[in-house]
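**Q** Could you work out the structure for the sequence below:
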Amino acid sequence: MKKVFLVFIVAVSCFLYSCRESTQEKTEEAVEAIGEDIEENTREAGRKLKEGAEKIDNKVEEELQELERENNKTEIE
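**A** Below you'll find the predicted structure:
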């Protein structure tokens, strides 16, 4: 009876240890995936900010050119 009980305890211990190890591996994989997602989202946000800044810069440049044209018309008249 003691042998059966000891075998049972050893089996349960091995099972719990293997579960803990696989959980740790899954956790590490999840952390790596989260890190990769953060990196990609940061890059994407940077690209979008740059695109937005370029659009604003282009619009400001267009408005300045329009103001210069209007100013030149006024001077000619």
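**Q** And for residue 59, the neighbour number?
**A** Look at residue 59: counted by other C-beta atoms under 10 Å, it has 10 neighbours. For the C-beta atoms, the positions are set from N, CA and C on the backbone; glycine is no exception.
**Q** Got phi/psi on it?
**A** With angles defined as degrees, to the nearest 10, residue 59 shows backbone torsions of phi -60, psi -40.
**Q** can you list contacts of stretch 64-77?
**A** Contacts to stretch 64-77, defined as C-beta atoms under 8 Å, 6 or more residues apart in numbering, come from no residue at all.
**Q** next one: that stretch to chain centre, how far?
**A** Taking C-alpha atoms, centre = their mean, to the nearest Å, the mean C-alpha location of stretch 64-77 is offset from the chain mean by 47 Å.
**Q** likewise stretch 55-71?
**A** When distances are taken as C-alpha atoms, centre = their mean, stretch 55-71 is centred 36 Å away from the chain's centroid.
**Q** for stretch 45-56, same thing?
**A** Stretch 45-56 has its average C-alpha position 17 Å from the chain's average C-alpha position, going by C-alpha atoms, centre = their mean.
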